[in-house]
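A.B. asks: Need coordinates for the below:
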Amino acid sequence: MKKIYKAPEEIPLQIDLKTVFLAGSIEMDKAINWQKRCEELLQDQFVIFNPRRNEWDSSWSQTIENIHFKEQVSWELQALERADIIIMYFAGDTMSPISLLEFGLYAQSHKMKVVVEENFWRKGNIDIVCERYSVEQFKTLEELIQNLLNKNI
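C.D. replies: So this is what the prediction gives:
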């Protein structure tokens, strides 16, 4: 069975393992490729949904009329809905508006685990929402990954 699905690959209806969606900072590649690290460490125990598309074109107009853009956003929404666990990573020195939108959509889902770096511009907001809705927070991505691996043994 395939273990990593990247946008816009079709996600099968039947998946036998727990699934993890890698949500968080990409910001037109301003953020480090943290998703690659997650893939490497988690793919033995989980099926990964990674929205970081291999052939992204930043010249695409971000409108509903643009078929490539609509395909990307639709894939992400479907994968978020299907995921058992959502890793939400907010990298410092990024704005991450789409990640903030997804965070708001899934804050009460009980399937999100969050890392927000100290210098993220809205860290206070993230901390308060996590506290209010009992969203698990971790200081580092490595800590979050170890938590997932230990719970899935």
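
A.B. asks: Can you report how many residues lie near residue 120?
C.D. replies: Residues lying near residue 120 (other C-beta atoms under 10 Å) number 23. For every residue, glycine as well, the C-beta is placed using N, CA and C.

A.B. asks: Surely it is within a strand?
C.D. replies: No: Residue 120: not assigned to a strand; according to DSSP: H, G, I helix; E, B strand; the rest coil it is coil.

A.B. asks: Could you give the bridge partners of the closest residue in space to it that isn't next to it in sequence?
C.D. replies: Computed as C-beta to C-beta, 6 or more residues apart in numbering, the closest residue to residue 120 that is not its neighbour in sequence is residue 90, at 4.5 Å. Under DSSP bridges, the beta-bridge partners of residue 90 are residue 116.

A.B. asks: What number of neighbouring residues does residue 90 come out with?
C.D. replies: Neighbours of residue 90 using other C-beta under 10 Å come to 24.

A.B. asks: Please apply the same query to residue 73.
C.D. replies: Quick note: residue 73 (other C-beta under 10 Å) scores 15 neighbours.

A.B. asks: returning to what we had before: ok, the residue nearest to residue 120 - contacts?
C.D. replies: 24-25, 96, 99, 114-117, 120, 122-123, 126 (C-beta atoms under 8 Å, 6 or more residues apart in numbering).
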